[in-house]
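Undergrad: Just a sequence and a predicted model for now, questions to come.
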Amino acid sequence: MGLFTKDIETLDDLFITKLQAIYYAEHEIAEALPKMREQATSPELRAGFEQHLTETEGQISRLERVFDMHGSEPRQTTCAAIDGIIKAGDTVAGNIADRDVLDAALTAAAQMVEHYEIAQYGTLIAWARELGREDCARLLDETLAEEKATDEKLTRLAESRINRRAETRAA
Ligand code: FE
Ligand code: FE
């Protein structure tokens, strides 16, 4: 469905279309996370992926509540952006033999996913408020907080990996 087809006329249509895209994306992410956890070496990174899988499952239910509040059926609309992000991460990780470098690639891939989600939820929250749906905005904001916390955790993991490597080299 093109962005300017007649299916989308109002901001409300646009809101629902984006909600369907993130609903699709969260399902794809829930499928990708166990594979990323299997590939990761660092116990912290593995635990992080595990925890975020649980959160992602909660986010899917939360989106279903938002659809329900809005009075629409939960529906997925394919999102080429998340497909590309997941595929790009997969392709890079699949070619790395060094476990530490692989962890770096997985962390970077995960951060691309989180940044995509932060952008999507940020827009959805702004549109929900514009549409006078503070109830939807509040729920979406709970998810946004989880995505941001995950992104920050990934940054900390990346930094500690870089420091660890620097120490190894200095020793
Ligand atoms: Fe998510
Ligand atoms: Fe996430």
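TA: Done, it's in. None of these values were measured; they are calculated from a predicted model. Numbers count the residues shown, from 1 in each chain. Ligands and ions are numbered 1, 2, ... in the order given.
Undergrad: Determine the three-state secondary structure at Glu9.
TA: What DSSP: H, G, I helix; E, B strand; the rest coil gives for Glu9 is coil.
Undergrad: Tell me the confidence at it?
TA: At Glu9, the model reports a pLDDT of 91.
Undergrad: And for the one 4 residues further on?
TA: In this prediction, Asp13 carries a pLDDT score of 96.
Undergrad: Pull the number of nearby residues for it.
TA: When neighbours are defined as other Cβ atoms under 10 Å, Asp13 has 12 of them. Glycine gets a C-beta too; all of them are placed from N, C-alpha and C.
Undergrad: State the distance from the residue nearest to it when sequence neighbours are not counted to ligand 2.
TA: In space, and not counting its chain neighbours, Asp13 is closest to Asp7: 6.7 Å by Cβ to Cβ, 6 or more residues apart in numbering. Remark: distance between Asp7 and ligand 2 (Cβ to the ion, to the nearest Å) = 28 Å.
Undergrad: again with Glu146
TA: 7 Å.
Undergrad: Can you list the buried residues in the longest helix seen in the chain?
TA: Across the chain, the longest stretch assigned as helix under DSSP state H is helix 134-170. By 16 or more other Cβ atoms under 10 Å, the buried positions in helix 134-170 come out as 136-137, 139-141, 143-144, 146-147, 150-151, 153-154, 157-158, 161.
Undergrad: ok, which residues in this structure are in contact with ligand 2?
TA: Within the chain, the positions near ligand 2 by Cβ under 5 Å from the ion are 117, 147.
Undergrad: Since that was my last question, I'll sign off now.
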